[in-house]
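>>> Sequence and predicted model, in that order:
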Amino acid sequence: MIRFAASALALSLLAGTAVAEPVAYDFDRSHANLSFTYNHLGYSTTDGRFGSWDGTLLIDKDAPSNSSIEFTIDIDSLDTFWSDRDAHLKSPDFFDAAKFPKATFKSTKVEQTGENQLEVTGDMTIRDITKPVTLDVQVTAMGEHPMAKKEAAGFAVTTVLNRSDFGMDKFVPYVGDEVSVTFHAETLKAAQTN
């Protein structure tokens with residue numbers, strides 16, 4: 001009987017470990033950047049960034065497929081370092097920020113593809129048009145943050161979007177259809193709330 005009870009306890013502990021919940025991480029906005037580039041007429045590459053965004057990140061280190069992310073971008077925070085171009089990109093010719101102020105991404109699948117490599121598939125919505133998008137994720141670091149003294153994770157995320165997929169085909173092909181997106185971020189394990 002004692003042996004049976006001990007076995008039952010061991011099984012319950014193992015089961016508890018197997019169904020552990022993913023852990024929430026907060027973005028360190030002082031060490032994060034969401035940027036993009038596109039080709040202009042074959043002569044140059046234009047750079048830009050979004051300064052205002054928010055995300056919900058859940059990480060399961062033992063089973064990455066249980067991890068997830070939801071992300072919202074404030075379109076009005078677009079900055080290409082030239083105000084006239086910013087105004088044009090926010091106009092109905094492109095993002096139409098007044099009508100569609102937010103862009104969103106919600107993951108549907110996370111797959112580990114190599115050591116420190118993930119492929120995150122999800123739904124991207126821009127201008128109220130939703131398309132499947134795949135993000136390539138390099139886990140740059142994971143462990144105790146040397147300054148914050150708490151669990152942390154760093155990421156370098158890349159993808160390429162065709163802006164015409166989201167109703168922004170103005171000046172294609174002269175101004176590049178492909179937009180390269182890069183997101184670098186440090187995240188810290190969120191405080192536990194009961």
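Good, I have the coordinates.
>>> Confirm that residue 164 sits in a strand.
No: the assignment for residue 164 (DSSP: H, G, I helix; E, B strand; the rest coil) gives helix, which keeps it out of a strand.
>>> Can you name the residues that contact it?
By C-beta atoms under 8 Å, 6 or more residues apart in numbering, residue 164 lies in contact with 172, 177. Every residue, glycine included, has its C-beta placed from N, CA and C.
>>> per-residue confidence for it?
For residue 164, the pLDDT comes out at 98.
>>> The one 3 residues further on too?
Taken from the predicted model, the pLDDT recorded for residue 167 is 97.
>>> And the spatially closest residue to it that is not a sequence neighbour, how far from residue 27?
Among residues not flanking residue 167 along the chain, residue 127 sits closest, at 5.0 Å (C-beta to C-beta, 6 or more residues apart in numbering). Using C-beta to C-beta, to the nearest Å, one gets 25 Å for the distance from residue 127 to residue 27.
>>> ok so, going back, what residues are up against the residue nearest to residue 167?
Residue 127 is in contact with 95-96, 99-100, 166-168, counting by C-beta under 8 Å, 6+ apart.
>>> can I get these in a markdown table with neighbour count?
Compiled in a markdown table, the contacts of residue 127 are given as follows (neighbours: other C-beta atoms under 10 Å):
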| residue | neighbour count |
| --- | --- |
| 95 | 23 |
| 96 | 18 |
| 99 | 10 |
| 100 | 17 |
| 166 | 21 |
| 167 | 15 |
| 168 | 21 |
